Structures are given as C-alpha cells and as structure tokens.
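In: Sharing a model prediction with you, sequence too.
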Amino acid sequence: MIAFSHYDMALLLHAMLRTIVLSLGGGCLGIVGAVLLTALRLSAGRALLPLRALAVAYVQTIRRVPFIVTLYILFFCTGMAGVDVSATGVAICSIGLIAAGYLCEILHGGINTVPVEQVEAALALNLPTWARWRYVIGPQAMSAVIPPAVGYLVLFIKDTALASQIGVVELSQAGVILSSRGLPSAQVFCAVLLVYFVISYPLTCLSRLLEKRIAVH
Amino acid sequence: MSQLNFHPVLLRLPFLLGGVGVTVLIATLAFGLGLFLAVLLVVLRFENKGFWCKASRSFSTALTNTPQLSQIFAVFYCLPLMGLMVSPFLSVVIGMTLNAAAYLADILGAGMARVPPVYHEVALTLGLNRRQTYLRVILPHVGRTMFPALANHFQIMILGSAMASIFGVEDLTGRAYDIGSTTFRILEVMLVTGGLYAVLSFALTGFFVLCRRTMERMV
C-alpha cells in the first residue's frame, strides 16, 4: 500500500539529484579551497605572513561555527551585497567553504606526518620542487589524507540536508513537502532516509576500504 | 552594499546569550542520554554474537549514514502519529540522542576493541561479575583512552544542535533568527551568533584540555 504517485516519485528523484549536485559541487569546491589554503599555510617568506595567519584563523574558526549559521551568513551577505546567486549556488559555496576548512586541516596534518628527513633527502638530491611533491611528499602524505578526507566528504552529503533552510528543494525538503501534501509521514521519511542511505553507504564502505588498503598503521 | 548596524543586535545580546545556555543544555542532554544508549549498544556487540550484535551494528550503520536533520524530522512528524505528543524541544533531544548513540557506539566500540584481553582475565580472576567488569574495569579504561574522540563528538553536537532552531526551539540560532526577524538585522545577528559559537567552542576545547590533564594526574 504505497501511496506515492508518479509525481511524488519524480519530486523525490529531482530532490535526490539536487542533493548529489550539492554534495559534488561543495566537495569539489572544498578540495580546491583546501589545496589553496594548505599551500598558503605551508608557504615561506615574510611577505605572506598576514595571509598565512589569516588562513590559520579561517581554518580554526570555520570549523567552530555551525553549518546552518555559515549558510545564513552567506545567504544574507549575497543578498545585502546585491549579488544575484541562486539558493543552490549559495548552498554549494557554503558547503565548499566549510569543506575547505576541514579538508585543509586533514591535508596539512597529512603533510606534516611525512618525516622531515625525507624532505631533506629530496633537497640533498637536488630534486626540483614539483618532483619533491610528486614523488616524495605526495605519496607518503596521501595514506594519511585520503581515508579521513573521504570520511569527511560523506559527512558533507549529510550536511546538504540543511540547505533546505534557504529554500533549496533537496531530499529533506522534498520529505517535508510530500508530508504536507498529505502523504503518510512515516512512509515519506523512511523513503527519504533510505535514499540518503543509498547515496552515503557505498561511500562509507569506500572510506573503510581505503582505510584498510592505504592507511598507515 | 547597505551599512552594517550592530546596535539593535547588541541591545538584545542578553537574550542571545541565554540561547547559549539552551544550546549547551540540548547538546549535554543528548550527549548524556546518547552515551548511556551507546554503552548498552556496545556491550551488546561484545557480549552477544548473534542477532543482538547484528542489530546493534545495523543501528549504527543506519543512523550514521543518514542526516541528523532528516532523523529529527522523522521523529518530529512520526511520534505524534503514534499518539505521543512531544514538544519540539523533546523531539530534537530524542532525534539527537539516537544519532549520538550511533556515533558514540562506534567510538566506544573502537575503544573496546583495543582493551587488552588481559583486563578481562584479571577481572575474571578477581571474581568480578560481568556488570562489575564493565562498570569498574572496561568502561573507565575506554572512557580514558577514547576521551579525545568523545570530546570531539560533543563539540560536533554543540554545532549540530543549531538544527533545533528549525523546529522552533529557542536555542542560540533560534533566538538569533528571532532577533533577526524583529530587528531586520539578520546578517549582523548571524555574524554575532557565529562568533558566539566560535567562542563557546574554543572555551570547550580549553575545558576538555583541563579535564584531560586532571584525569592524567589522577591516574
């Protein structure tokens, strides 16, 4: 006795796609942001000192503010500044901002796990900078970076549920809409939770697999 | 861009600060109840190899792979259908408790797996029964080794409790939204709120470091 009509299923499907777009967009933006932030934090030279301090302050602060507050700040900021961005765009940007903070911390921590002798050896061998990163630091840092990074990207999928608060019709909002249309709430929310599970569970398994395969013990 | 004006927000700062108390109350209640449930779940996992172990694991898998917001929505909309009329505050606490139990059970499980087998043997030799073994030997040890992970999850729950505002609970974010809709200074109030969350979180970090030091001195 499933009460969903064709239109309800279509809404759920669209909402699911929206959730995936939010997660993918935010995740990609976060990865790019994290690489830039980490590059800043690792940079040398006095001229970049203020920027370096700013990057550290950003990473420390953004991880201590609830996602929903970041979302509201960005939403009303773009509104007051008169920038015309869709709610989806704002949601992707704020997921990107948060993800950049968390992933930067993981990346920075991972690079710090590479023993300093390795870098010194690479310098002594006169390897160019790109080769030092490509062959020495990169492969060693990756084992400490990839598994937790995938784990956090799964967390951001669940954070996209909050985008409903600025008017993005994604899965959890679709649940509320269907429930308001008079469909049985229990079935609607079970369906929504199930779809989230279907998206998130394979990635959780992937994260666990990576942990077993490449993480250092 | 129009000018930022923090004055109306600062006038209502005491009201906003009261929200910090509600936020901490929600997170603490859900964390405490969640921890209690998690202990039950994890003992089931280690004491029972059959159905209950699988049930406990599935509970964690199901709740850690779905968003907390949808879980609270499910509680919020489904409990009244079962004839239980609960306040928004309570349904948020119930939803967060279930979610916390799933995550905390995984954390405690990782800790339990690392308890040396000799602890169980010693407890057995001393003639402690199962309840005493867990309460006096295993769980205190797990609590100590897993303290950083548990503290970290409490911080996550402080941030997660901001979801309560969506259900009309007057926590920090809820009160911020309230002030925003009466003064029309929503961006300013949200900036102040973000700052308050950051300060709260830094204070908690300090508190947990202090706890850790005291604990290490006691051992």
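Out: Looks like it came in fine. Numbers count the residues shown, from 1 in each chain, chains lettered A, B, ... in the order given.
In: check contacts around B:L187.
Out: Contacts for B:L187 (Cβ atoms under 8 Å, 6 or more residues apart in numbering or on different chains) come out as A:I73, A:F76, A:C77, A:G79, A:M80, B:L4. Using the backbone N, CA and C atoms, a C-beta is placed for each residue, glycine as well.
In: A:I20: which of these is nearest?
Out: Taking Cβ to Cβ as the measure, A:I73 is the one of the contacts of B:L187 closest to A:I20, at 24.9 Å.
In: now check the strand or helix carrying that closest one, is it near chain B?
Out: Per DSSP states H and E: A:I73 is located in helix A:67-81. Yes. Counting by Cβ under 8 Å from any Cβ of the partner chain, contacts between helix A:67-81 and chain B involve A:F67, A:I68, A:V69, A:T70, A:Y72, A:I73, A:F76, A:C77, A:G79, A:M80, A:A81.
In: pLDDT value on the last one, please?
Out: Okay, so that is A:A81. Per-residue pLDDT puts A:A81 at 84.
In: From A:K212, how far out is it?
Out: Applying Cβ to Cβ, to the nearest Å, the value for A:A81 to A:K212 is 47 Å.
In: Would you enumerate the residues in contact with residue 107?
Out: Using chain A. Residues near A:L107 by Cβ under 8 Å, 6+ apart: A:A34, A:V35, A:T38, A:A141, A:V145, A:A149.
In: please go with chain B instead
Out: By Cβ under 8 Å, 6+ apart, B:I107 lies in contact with B:A38, B:M146, B:A149, B:L150, B:H153.
In: With B:G168 instead?
Out: Contacts of B:G168 by Cβ under 8 Å, 6+ apart are B:P88, B:G174.
In: now it: how far from chain A?
Out: The gap separating B:G168 from chain A is 13 Å, by Cβ to the nearest Cβ, to the nearest Å.
In: coming back round to it: which one of the contacts of B:L187 sits closest to A:H14?
Out: A:G79 (25.2 Å).
In: Enumerate every residue touching that closest one.
Out: Shown in contact with A:G79 (Cβ under 8 Å, 6+ apart): B:L187.
In: And for B:R114?
Out: B:T145.
In: Distance check, it against chain A.
Out: Counting by Cβ to the nearest Cβ, the gap from B:R114 to chain A is 13 Å.
In: angle of the strand or helix carrying A:C93 against helix A:67-81?
Out: Assigned by DSSP H and E, A:C93 belongs to helix A:87-112. Interaxial angle of helix A:87-112 relative to helix A:67-81 (axes from the mean of the first three to the mean of the last three Cα atoms, to 10 degrees): 120 degrees.
In: any low-confidence regions in the chain?
Out: The chain I'm using is chain A. For chain A, residues meeting the criterion pLDDT under 70 lie at A:1-3, A:215-217.
In: You answered for a different chain; I wanted chain B.
Out: Where chain B drops to pLDDT under 70, the residues are B:1-2.
In: Pull the number of nearby residues for B:F46.
Out: By other Cβ atoms under 10 Å in any protein chain shown, 17 other residues sit near B:F46.
In: how close does it sit to A:S94?
Out: Distance, B:F46 to A:S94, by Cβ to Cβ: 40 Å.
In: Is stretch B:191-211 positioned near chain A?
Out: Yes. Counting by Cβ under 8 Å from any Cβ, contacts between stretch B:191-211 and chain A involve B:L191, B:T193, B:G194, B:Y197, B:A198, B:S201, B:F202.
In: State the pair within those that is farthest apart.
Out: For these, the maximum inter-member distance is 16.8 Å, found between B:L191 and B:F202 (Cβ to Cβ).
In: okay, these two: which has more neighbours?
Out: More crowded of B:L191 and B:F202, by other Cβ under 10 Å: B:L191, with 20 against 13.
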